[in-house]
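In: Need coordinates for the below:
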Amino acid sequence: MIRPILAALALSAAPAFAQDATTVVATVNGEAITLGQMVAMKDSLDEQAKAGLDDAGLWNLMLDQMVRQAAVAQEGAKAVTPRDTAVMELERRGYLSTAALQRVAETEPTEDELKAAYDKAFGASVTPKTEYNAAHILVATEDEAKAIVTQLEGGADFGTIAEEKSSDNSSANKGDLGWFTPDQMVEPFANAVVALEKGKVSAPVQSQFGWHVIKLIDERTQAAPAFDEVRDELATQVRRDRVAAEIERIAAAAKVEKTEGLDPALLGSTDITKN
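Out: Have a look, this model is predicted:
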């Protein structure tokens, strides 16, 4: 009587069968669908796709989809073209390179890294940017712009003309564009603003948007933001810098042999991937 009881206790104490990414959930014509594939598929779904489904419902929905996909993929594998092979290889490389760089980027930046990034962007060695506050009147033709300049030289009010004639939404603010740095504006406009004296009006300036008559209202030196105000942006920049450095490191270490003499016009030879 004691032996059966001991055997039962031993069985109840044994660990449950371990499940891992290789655990087979189903097979389709002998091809395995694994638990790892199921988990990866679930992770790729957005919340809307999972809404209203409990674990069992989601499991059955995904498994049914994966079974169908596997069956259809097996059919597609019977007639793989060179293009199919090329695309699958591109997708494989793309996924693996993204995964490798994601591992580099996902580690939280340290305080030292964040402070170094702040000093690089806003430190004493960085020349502060100048911000400009300008207004403009935007019209379609040079003749219209010249006529406006003539009116202003005759004493007309800039804001009133901007309200009446400017074709963009700044007309609601009498042409006032607020504060900006030159790199936030298209080049011809920015160059004209930088060249203006405070309170002066420009000659007509052409950009891709039309013809501008610009008035410089004021300018100031851009103050550096507080460290905590830009912490998130700094963290993003640190991650970007890490990824860029890792790409350069790996690419520099790779043995690359380019085939010489191939005509770039071969890119147009789409027939070579069809059969």
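In: per the record, what domains does the protein have?
Out: According to the domain assignment given by automatic domain parsing, the chain is divided into the following structural domains: 19-79, 82-127+226-244, 130-221.
In: Show me the one of the ones you listed that comes nearest residue 253.
Out: Within the domains of the chain, the stretch nearest residue 253 is domain 82-127+226-244; the backing value is 13.3 Å (CB to CB). C-beta here means a position set from N, CA and C on the backbone, and glycine is covered the same way.
In: first vs last residue of that closest one, how far apart are they?
Out: Using CA to CA, to the nearest Å, the span of domain 82-127+226-244 from its first residue to its last is 32 Å.
In: about what we covered before: now distance to residue 256, mean pLDDT and mean neighbour count too, for the domains of the chain, in CSV please.
Out: As requested, the domains of the chain are exported to CSV (distance: least, CB to CB, whole Å; pLDDT from 0 to 100; neighbours: other CB atoms under 10 Å):
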stretch, distance to residue 256, mean pLDDT, mean neighbour count
domain 19-79, 32, 94, 12
domain 82-127+226-244, 15, 94, 13
domain 130-221, 35, 96, 16
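In: quick one: which of those domains is nearest residue 254?
Out: With respect to residue 254, and counting by CB to CB, the nearest of these is domain 82-127+226-244 at 12.1 Å.
In: What ranges does the stretch 51-200 of the chain have for its helices?
Out: Assigned helices in the stretch 51-200 of the chain, in chain order: 55-76, 82-105, 111-122, 142-153, 158-165, 187-195 (criterion: DSSP state H, counting those that start in this stretch).
In: which secondary structure elements does the shortest one contact?
Out: The contact analysis (3 or more CB pairs under 8 Å, 6 or more residues apart in numbering; DSSP states H and E) places helix 158-165 against strand 130-139, helix 142-153.
In: any residues touching that helix, and which ones?
Out: Contact partners of helix 158-165, identified using CB atoms under 8 Å, 6 or more residues apart in numbering, comprise 135-137, 139, 144, 148, 151-152, 170-172, 174-176, 201, 215.
In: Now do that helix against strand 130-139, angle only.
Out: What separates the directions of helix 158-165 and strand 130-139 is an angle of 40 degrees, with axes from the mean of the first three to the mean of the last three CA atoms, to 10 degrees.
In: What of the last one?
Out: Counting by the same axes, to 10 degrees, helix 187-195 lies at 120 degrees to strand 130-139.
In: Can you show me the CA trace of helix 187-195 as CSV?
Out: Output of helix 187-195 as CSV, limited to C-alpha atoms (Å, rounded to 0.1, in the frame of the first residue of the first chain):
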residue,chain,number,x,y,z
GLU,A,187,16.2,78.7,-48.3
PRO,A,188,15.3,81.8,-50.3
PHE,A,189,12.9,83.0,-47.6
ALA,A,190,15.4,82.2,-44.8
ASN,A,191,18.3,84.0,-46.6
ALA,A,192,16.2,87.1,-47.1
VAL,A,193,15.2,87.1,-43.4
VAL,A,194,18.8,86.8,-42.2
ALA,A,195,19.8,89.7,-44.5
